[in-house]
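A.B. asks: show me how the following folds:
(chains A and B)
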Amino acid sequence: MILMLIMPSCMIYAQYTSNDYFGTWVYQSKDTVFTIKIQKTVLNEKELIVGGYSLKVKGVLTDNYIGNPPANWKPNTMAQNNDIYIFGKCRVDEGKSLVTISFYDQRKKHFEGKSPIGGGKMELISPTQLHWVLNEEQGILIKEGWVSKLIGFSVPTDVIMTREELKPHIPKEPGVPITSPIIIKK
Amino acid sequence: MKNYLFWILFVSIPLLASSCQSSYENDSGDCSSQSIVFEARSYFENYISKMNQVKDEIVGLHPGNIVPEWDKAKVTTQSGTICVNVPFIAQITYEGSFFVQEGNTDFLSSKETYYTALYQRLIVVKDIIQNKISCYIATMIPDKKNATMDAFKIDKMFYSGDLYTHFSGTVIYSTVGTNYTIVVEKYNNGEKYENVSLFKSTKASYQTDLKDMSAIISASNIKRKIATQTKAMDKKEQVAAEIELPEVVVIYDGGGGGGPDFQWPTDEPDNYWPEPPTSVPPPTSGGGGGGYNGNNGNDNNSKGDDNDPCVAAQLLSDNKDFKQRANSIFTKLKNATKEEGWMRNTKGEIIEPISASSDHLIYSNNDLKTAQITEDFHSHPSKRGIPTLSYDDVISLMKMYNKGELDVEYFTCGVISSTGCFVVLISDEAKFKNFAQIANDNDKQSELYTDFDLYPQLAPEKANTAEKWANRFVDIMNRWSSGLSFIVAPSNSSSTSLENFGVHSKSSSDCNK
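C.D. replies: Here you go, the predicted model:
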């Protein structure tokens, strides 16, 4: 009887693990495509979620910061040098599962590009849908205590992203390796 | 004539302070001073109980048998010292003529004298650093302008330990049992301009200091009156029954006696001033504010309970000078476009920032090198400024600690926001030392940063309240075993000042113990 009462509440708060976040997620609106790639790293023997992002406008790749973050992160240089532009932790608190993230916006460069801006989160709505949120005000509040000015973000701040289908790529031309992304750093 | 007094504690005047509505007077009017008065009373009664059968001649300005009125006690606090001012009904009262002294000069106006009543009060002073208590009789002699024959008018003029007194006249501190005069202070409109203290005496200077005391008091003639109806609770009735005795010699330096914890010089040459007195000196009064922090000139580095959040909350609440600084910033928060703040060092110097950028204050390195820092406060302006330390604030605190810039035992650091003042203090230095290593560890900094990132995320509608935000901050600090304690003075946007400080509800400290 007790089990029957407990089970529905567990189902309501079904929690995703960090594994559910790994992969590539895409948001497209009109002529803008925003992509993030999330993977796992280890920092101080603790699992951390890291990744990068890219932005394509009218078919042109304007920002590409998707690289190969290390499997073990030793942040003795700037995160960006390790291809880390997004990092966060998968949290379970108050029955809710989400990833709190800090973000390095390579165009806006909050805090003069020296520190990431926190206040962001990723939350799985379903195994194939992810709610991506950046909150500049919160991020500045956490770091500095109050907000003197907002400069915005160069990427979408509150969108639902879809997991990229894991379908095989067929090269249009022979000889182009499938797993070699073009990295353009500005 | 020798009079032998047996200290008698009369049936105590009802001391009732079972609730916050007790009549204890203190600067803050809060309940916490009740425990201090209880502690003072307990100390004094124990002190007196050990003096039974001690033969004390009525010397100097001895009040004879006294009945302390604990329910009328007034508590003052400052720089590591708590002082309980206790009026009493005395067997003996004094009045006399004094030479006129002009302002804060050494000039005595020839033979011009004035006549006034003297007022006496028991003071119990606690050094919270050494956790030590002493008691004295304080005698107030107003100057010519404030001279009065109504001793009870003098009651309101001066409280020991009150940094904001406007008193003009002389204050004499004497030992309770033996009535040795140990400190004489002279004030002009609250400014102390002369001070002779036997606590600073050396064997060589002792006799000179006694003479200086007499000179400062400038007494022409003092009369002692003994009330014949010592049990009379009506003070006017007492006065009516007084007997006037011969002239009093104020500065008494005879030997013998002494309180139970009082080592005082005797006439024996080799035991004249062998050791500094172990007692707590009377508190500093007048001359503007000191803060909660600072060592009050005490070089003792022993561990005390100064970094106990309960004590710190009490002291900050009662510290008018600190509150004035904090309130001044608090009232300007709404329209502020830059942070404001101050630091204070162990010398009591207030250090102002040399500039303020949009997101932080900049202090001169030279200013910070002068002495260790005991206070570091700044604002988070606008309505949305967070009510706790930010991530940068915490890292900055660690860096200052690692550089040895903090006087840990007395250090308080805080944020003034639209919702009040949030203060942290280092209550466990071993833990904080470990925590502060994060400032040198990029790995852990990233980890801490992601922890900070969490606290506005969940249930944002709740996290947006100051209380929730503060709770989350405290949770994070506790999770990291930071060694920090937290006290808060809440307020709200419609208020123009901060309320009293209390220990944060998530703190492990129980101030009711």
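
A.B. asks: going forward, measure contacts between C-alpha atoms and count neighbours the same way
C.D. replies: OK.

A.B. asks: my guess is residue B:373 meets residue B:409, correct?
C.D. replies: No: counting by Cα atoms under 8 Å, residue B:373 sits too far from residue B:409 to count as a contact (10.6 Å).

A.B. asks: quick one, which of the two is more surrounded?
C.D. replies: More crowded of residue B:373 and residue B:409, by other Cα atoms under 10 Å in any protein chain shown: residue B:373, with 30 against 24.

A.B. asks: who does that one bridge with?
C.D. replies: residue B:345, residue B:406 (DSSP bridges).

A.B. asks: ok, now which ones touch it?
C.D. replies: B:343-346, B:405-407, B:411 (Cα atoms under 8 Å, 6 or more residues apart in numbering or on different chains).

A.B. asks: between the residues you listed, which is nearest chain A?
C.D. replies: Proximity of the contacts of residue B:373 to chain A, judged by Cα to the nearest Cα, is greatest for residue B:343, which lies at 18.1 Å.

A.B. asks: pull up the gap between the nearest residue to the closest one once chain neighbours are set aside and residue B:74, please.
C.D. replies: Of all residues not flanking residue B:343 in the chain, residue B:376 sits nearest, at 4.4 Å (Cα to Cα, 6 or more residues apart in numbering or on different chains). Noted for residue B:376: a distance of 29 Å to residue B:74, by Cα to Cα, to the nearest Å.

A.B. asks: state the distance from residue A:103 to residue A:140.
C.D. replies: 12 Å.

A.B. asks: same thing with residue B:92?
C.D. replies: Here residue B:92 is placed at a distance of 67 Å from residue A:140 (Cα to Cα).

A.B. asks: what does residue B:212 give?
C.D. replies: From residue B:212 to residue A:140 the distance is 62 Å (Cα to Cα).

A.B. asks: which one's more surrounded, these two?
C.D. replies: Neighbour count, other Cα under 10 Å: between residue B:212 and residue A:140, residue A:140 has more, with 24 against 16.

A.B. asks: hmm, that one is touching residue A:115, no?
C.D. replies: No: with contact defined as Cα under 8 Å, residue A:140 does not reach residue A:115; the gap is 10.6 Å.

A.B. asks: what does chain B have sitting close to chain A?
C.D. replies: B:337-338, B:358-360, B:380-382, B:384-393, B:442-444, B:446, B:450, B:452-454, B:456-458 (Cα under 8 Å from any Cα of the partner chain).

A.B. asks: now, these that are in helices?
C.D. replies: Of the residues of chain B next to chain A, the ones assigned to helices by DSSP state H are B:391-393, B:442-444, B:446, B:450, B:452-454.

A.B. asks: for PyMOL, write the selection for the buried entries among those residues.
C.D. replies: Selecting only the buried entries of those in PyMOL, with 16 or more other Cα atoms under 10 Å in any protein chain shown as the criterion:
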select buried, chain B and resi 391+393+443+444+446+450+452+453+454
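
A.B. asks: can you give me the helices for chain A?
C.D. replies: Assigned by DSSP H, the helices in chain A fall at A:2-12, A:136-144.

A.B. asks: any idea how far stretch B:313-326 is from the chain center?
C.D. replies: 11 Å (Cα atoms, centre = their mean, to the nearest Å).

A.B. asks: mind listing what's buried in that stretch?
C.D. replies: Buried-residue list, stretch B:313-326, by 16+ other Cα under 10 Å: B:313-323, B:326.

A.B. asks: widest-spaced pair of the residues you listed?
C.D. replies: Spatially, the most separated pair among those is B:314 and B:326, at 15.6 Å (Cα to Cα).

A.B. asks: make sure residue B:84 is indeed in a helix.
C.D. replies: No: counting by DSSP: H, G, I helix; E, B strand; the rest coil, residue B:84 falls outside a helix, being strand.

A.B. asks: which of the three states applies to the residue nearest to it when sequence neighbours are not counted?
C.D. replies: Nearest residue to residue B:84, sequence neighbours excluded (Cα to Cα, 6+ apart): residue B:75, at 4.5 Å. Under three-state DSSP, residue B:75 falls in the strand class.

A.B. asks: residue B:75 - how many residues pack around it?
C.D. replies: Residue B:75: 28 surrounding residues under other Cα under 10 Å.

A.B. asks: for chain A, see how far away it is.
C.D. replies: 36 Å (Cα to the nearest Cα, to the nearest Å).

A.B. asks: wouldn't that residue be in contact with residue B:85 here?
C.D. replies: Yes: if you go by Cα under 8 Å, residue B:75 and residue B:85 touch, sitting 6.1 Å apart.

A.B. asks: helices and strands of chain A: which one has the lowest mean pLDDT?
C.D. replies: Lowest on mean pLDDT, DSSP states H and E among the helices and strands of chain A sits helix A:2-12, with a mean of 40.

A.B. asks: show me which residues of chain A sit near chain B.
C.D. replies: Residues of chain A lying close to chain B by Cα under 8 Å from any Cα are A:43-44, A:74-76, A:88-89, A:93-94, A:100-102, A:118-121, A:138-139, A:141-148.

A.B. asks: now restrict those residues to buried residues only.
C.D. replies: By 16+ other Cα under 10 Å, these give A:43, A:74-75, A:88-89, A:100-102, A:118-121, A:138-139, A:141-148 as buried.

A.B. asks: give me the residue from chain B nearest chain A.
C.D. replies: Nearest residue of chain B to chain A, counting by Cα to the nearest Cα: residue B:385, 4.3 Å away.

A.B. asks: in contact with residue 118, which residues?
C.D. replies: Assuming you mean chain A. Per Cα under 8 Å, 6+ apart, neighbours of residue A:118: A:100-103, A:135-136, A:138-140, A:142-143, B:450, B:453.

A.B. asks: meant chain B, my bad for not saying
C.D. replies: Residue B:118 neighbours (Cα under 8 Å, 6+ apart): B:93-96, B:139-142, B:151, B:154.

A.B. asks: where do the helices sit along the stretch 101-250 of chain B?
C.D. replies: Listed from the start of the chain, the stretch 101-250 of chain B has helices (DSSP state H, counting those that start in this stretch) covering B:151-155, B:206-217, B:235-240.

A.B. asks: need these in a markdown table with mean pLDDT and distance to residue B:192, can you?
C.D. replies: Output for the helices of the stretch 101-250 of chain B, formatted as a markdown table (pLDDT from 0 to 100; distance: least, Cα to Cα, whole Å):
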| stretch | mean pLDDT | distance to residue B:192 |
| --- | --- | --- |
| helix B:151-155 | 82 | 17 |
| helix B:206-217 | 79 | 12 |
| helix B:235-240 | 46 | 31 |
